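Asks: Next come a sequence and a model predicted from it.
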Amino acid sequence: MFRPAPMLQVDVLLLQKDQAAVTRAMAEARLLHLRPLRTLPPRARSRAVDARQRAGELRAFAARLQQVMADLGVDTAGSDVIPVVELASWERWLAQLATRVARNEQRRRELVRLQERLGDFEHLVEALAGVRGRAEELRSLHFTHLSLGRLPETELVRLQDTASRMAVFTLHRLDGEVLTAVLGVRRERARIEERLAEAHFRPLELSSAFAGSFQQLRERIGRLRIRLRQRLAAQEARRSGLRAEHGELLRRRLHSVRAESLLLEAQAGFDYAERVVLLGGWLPRRRFDDLQALLQQTTGGRFILRQTVARGEETPVQLTNPAVVRPFQKILSIYGTPAFDEIEPTPLLAGGFVLMFGLMFGDLGQGLLLVAAGWLICRRTRFREEGTIIVEVGFSAALFGLLFGSIFGREDLLPPLWFSPMHNIPLLMGTALAFGIALIIAGLVLRIVNGLRLGKGAAVLTDRYGVAGLVFYAGAVVTVLLVWRQLAPATMLFWLLVPLAAVFCHPFVSGDEAGADRHRSMLLAEGTIEVLETVLGFMANTFSFLRIAAFGLAHVGLFMAVYAMARGVEDWPLGALWVAAVHVAGNVVMVVLEGLVVSVQAVRLQFYEFFSKFFRGGGVPYRPLTLQVVTERRA
C-alpha cells in the first residue's frame with residue numbers, strides 16, 4: 001500500500017525467427033508493458049512500415065467482419081484465438097458470406113419498410129373510418145392539397161405554430177415521429193411543400209392500390225399484414241440459419257484478426273538488425289522469473305535478457321492494494337493515475353470515503369440495508385467491486401448509527417454510544433471540522449514527502465502546500481483554539497506572519513526556469529497572491545468540511561419528515577398499510593438518492609480539499625501487451 005508495485009525495465013535480444021512466438025506468448029501471459037524505441041535505423045523503419053501496413057489490412061478485414069456480424073446479429077463475446085494462417089482464403093470466404101448476408105438483409109429491410117408504410121396506411125384508414133366515399137378520391141382533390149406523411153415530434157408544435165392557410169392534423173404517434181395530415185389550398189401547394197421540407201417531413205405517397213371503400217381497404221391491409229409477417233418470418237429464419245452456421249467462426253476469426261493486428265503493431269516498435277531483434281519494456285519485479293521462463297521455453301534459450309530497476313515518471317504504475325481497498329482504484333482513476341515516484345493514495349481515499357459516508361449517513365438500520373444490498377450485488381451480479389464499496393459504507397453507516405443511537409431514524413430504541421447529532425449540533429460540527437483539519441494536514445505532509453522524493457527541497461520549504469503552509473495551517477489551528485479558549489492573548493496570532501513571509505518568498509526560490517527571467521515586480525505580485533490564496537484557501541478548505549455536519553443533520557431531518565408523513569396517514573382507511581408504505585418508500589428514497597448525494601460529497605471533499613494538496617497524477621497505467629479477446633473473455 002501507498003506505493004505502486006516495484007517495476008523492472010528489461011531489454012530482450014532474440015532471433016527474428018523467434019519474435020512472433022515470443023510476442024504471442026508474452027501477450028497471452030500479459031507480462032510486458034512495451035517501451036517505444038527512441039530511434040529506428042533505416043532497416044528497422046522499413047520493417048516497422050511493413051508491420052503497420054499488415055496490421056492495417058487486418059484491421060480493415062476486422063471491420064468487414066464486424067459489419068457482417070452486425071447484420072446477422074452475432075455478438076462479439078470472447079472466443080478462442082486461432083492463428084491467422086491464410087488471410088486471402090478468409091477474405092474469399094467472407095466475401096461470399098457477405099454477399100449472402102447483404103442480399104438477405106436488403107430483402108428484410110425492404111419488408112420492414114413495406115410493413116412500416118402499411119402501418120401508416122392502416123392508421124390513416126382508421127382515422128377516416130367514418131368518412132363516406134372512396135379512398136382514390138384523396139388523390140384527386142380539386143381545390144385543396146393533401147400531404148400525408150411522418151413528421152419528427154419535435155417539429156410538430158413548431159409547424160402548428162407557424163402554419164398559416166393550412167391545417168395540421170395528428171393521426172398517430174410512434175417512436176418520436178407523428179403520422180400527420182396537412183391540408184391547404186391547392187394554389188399554395190409549392191409553399192406548403194417547401195415548409196414541410198424544412199420540417200423534415202417524410203411524405204406518404206398514395207399509390208393506385210389505395211382505392212376502394214375505407215372498409216375494403218382495412219380488410220385488404222389486414223391480409224397484406226399477415227403475408228408480410230410470414231415473409232419477414234421466412235427472412236428471419238434464413239438470417240438465423242446463417243447466424244447458427246457461421247456465428248462462432250465469425251467470432252473466432254474476428255478475435256484472431258484483432259489479436260494479430262495488435263501483435264503486429266507491437267512488433268512495429270521493435271529494433272531490428274541482420275538476424276536479431278531487440279524489444280524492451282517494463283514488468284513487475286515479482287514477474288521477472290515468469291518472463292525468463294517464458295523466453296526459455298519459447299526460444300530454447302536463444303535470448304539475452306537485461307534488467308534494470310525502473311524509476312522515473314515514464315515508468316508504468318501497477319496499483320497493489322488489498323481486496324477491501326482495491327474497488328476504490330476506480331474512483332481514483334477519475335482524478336488520475338499516480339506517478340510512479342509519488343504516494344499512492346488509494347488507501348487514504350478509501351478510508352476517508354468510508355468515514356465521511358458514515359458521518360453523513362449514520363443509521364444502524366439503513367447501514368445494515370446497504371450491507372445486505374452490497375452483498376447481493378457481489379453475489380448475484382458482475383459488479384463485485386461496486387458491491388464491495390456498498391458493503392463497506394454500509395458497515396460504516398451502521399457503526400455511526402450505533403454511536404449516534406439511531407435505527408431507522410428512531411433515537412429512543414438505542415442509547416447513543418457517543419452523541420445524538422440533532423441534540424448536539426455543535427459537537428457534530430466540531431467533529432466535521434476536526435476531520436477536515438486532520439485530512440488537510442495529512443495532505444500537506446504528503447506534499448512534503450513527494451517534494452523531497454523529487455529533490456525539490458527549497459521549493460517545498462516555501463510552498464503554501466509545503467513546510468511553510470503546514471506550519472501556518474497547523475499553527476493557525478492551534479493558535480485560534482488557544483485564543484478562543486482564552487489560554488493565549490489575541491496578539492499571539494501575529495506570529496503567523498513568519499510562515500506567510502516564507503510563502504511570499506516562494507516565487508523567488510521555487511527555482512523553475514520560467515521564473516528565472518521574470519521581472520521582480522511580477523514576482524512580488526505572485527508572492528502577494530500566494531499569501532492571499534494561502535489564507536483564504538485554507539479557510540475555505542476547512543469550512544468546506546462543515547457540509548459533513550450539514551448532510552448529517554439533513555439525514556436526521558429526512559427521517560423526521562418520513563415519520564411526520566406516516567403520522568398523517570394513520571387515520572386513513574387501512575392506515576397501518578399506508579404507514580408501512582410510507583416508511584418503506586421513504587427509506588428506499590433515502591438510501592438511493594441520499595446515499596448517492598452523500599457519496600458525491602465524500603468524493604468531492606477528498607478530491608478538492610485533500611488530493612489537491614499533494615496529488616500530481618499524470619502517471620502511466622501498467623498496460624501489458626495483451627490479446628484483446630483474452631481480456632474480454634476474462635472480464
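Replies: Thanks, I have the structure now.
Asks: Quick check, Val591 in contact with Val371.
Replies: No - look at Val591 against Val371 with CB atoms under 8 Å: they stay out of range, at 11.5 Å. (C-beta placed from N, C-alpha, C; glycine too.)
Asks: Now do the shared contacts for those two.
Replies: Shared contacts of Val591 and Val371 (CB atoms under 8 Å, 6 or more residues apart in numbering): none.
Asks: per-residue pLDDT, the residue nearest to Met422 when sequence neighbours are not counted?
Replies: Sequence neighbours aside, Val556 is the residue nearest to Met422 in space, at 4.8 Å (criterion: CB to CB, 6 or more residues apart in numbering). For Val556, the pLDDT comes out at 91.
Asks: Repeat that for Asp161.
Replies: Asp161 is assigned 74 on the pLDDT scale.
Asks: What segments of the stretch 251-400 of the chain are strands?
Replies: Secondary structure of the stretch 251-400 of the chain, counting by DSSP state E, counting those that start in this stretch: strands at 271-272, 276-284, 303-309, 316-317.
Asks: Nearest to Asn450, out of those strands?
Replies: strand 316-317 (14.2 Å; CB to CB).
Asks: Identify the residues contacting that closest one?
Replies: Contacts of strand 316-317 from elsewhere in the structure, counted by CB under 8 Å, 6+ apart, are 4, 7, 33, 282, 337-340, 344, 619-623.
Asks: Check these for burial and list the buried ones.
Replies: 4, 7, 33, 282, 337-340, 344, 619, 622 (16 or more other CB atoms under 10 Å).
Asks: which one of the strands of the stretch 251-400 of the chain is the most hemmed in?
Replies: strand 316-317 (a mean of 23; mean count of other CB atoms under 10 Å).
Asks: Partner strands of it, with direction?
Replies: Note on strand 316-317: by DSSP bridges, its sheet partners are strand 620-621 (parallel).
Asks: The strands of the stretch 251-400 of the chain into TSV, with extra columns for mean pLDDT?
Replies: Listed next are the strands of the stretch 251-400 of the chain as TSV, based on pLDDT from 0 to 100:
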stretch	mean pLDDT
strand 271-272	84
strand 276-284	92
strand 303-309	94
strand 316-317	94
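Asks: Adding distance to Asn424, write the ones you listed out as CSV.
Replies: Output for these, formatted as CSV (distance: least, CB to CB, whole Å):
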stretch, distance to Asn424
strand 271-272, 69
strand 276-284, 50
strand 303-309, 54
strand 316-317, 44
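Asks: Spit out the contact partners of the most centrally placed residue in the chain.
Replies: The geometric centre of the chain, computed from its C-alpha atoms, lies nearest to Ile334 (CA atoms, centre = their mean), at 8.5 Å. Residues near Ile334 by CB under 8 Å, 6+ apart: 603, 607.
Asks: Read off the pLDDT value for it.
Replies: 91.
Asks: With Tyr622 instead?
Replies: pLDDT at Tyr622 comes out at 94.
Asks: Give me the distance between it and Val324.
Replies: Tyr622 is 21 Å from Val324, where distance means CB to CB, to the nearest Å.
Asks: how much space is there between Pro316 and Met590?
Replies: Here the criterion is CB to CB. By it, Pro316 lies 43 Å from Met590.
Asks: What of Val178?
Replies: According to CB to CB, Val178 stands 41 Å off from Met590.
Asks: do Thr528 as well
Replies: 47 Å.
Asks: Those two - which one has more neighbours?
Replies: Higher neighbour count among Thr528 and Met590: Met590, with 21 against 12, using other CB atoms under 10 Å.
Asks: okay, the angle between the helix or strand harbouring Arg24 and strand 276-284?
Replies: In the assignment (DSSP states H and E), Arg24 maps to helix 16-29. Put simply, helix 16-29 runs at 20 degrees to strand 276-284, going by axes from the mean of the first three to the mean of the last three CA atoms, to 10 degrees.
Asks: Isn't Val569 up against Val579?
Replies: Yes - shown here, Val569 and Val579 form a contact pair, counting by CB under 8 Å, at 6.1 Å.
Asks: Verify the stated contact: Arg186 with Phe143.
Replies: Yes - Arg186 is within contact range of Phe143, at 5.7 Å (criterion: CB under 8 Å).
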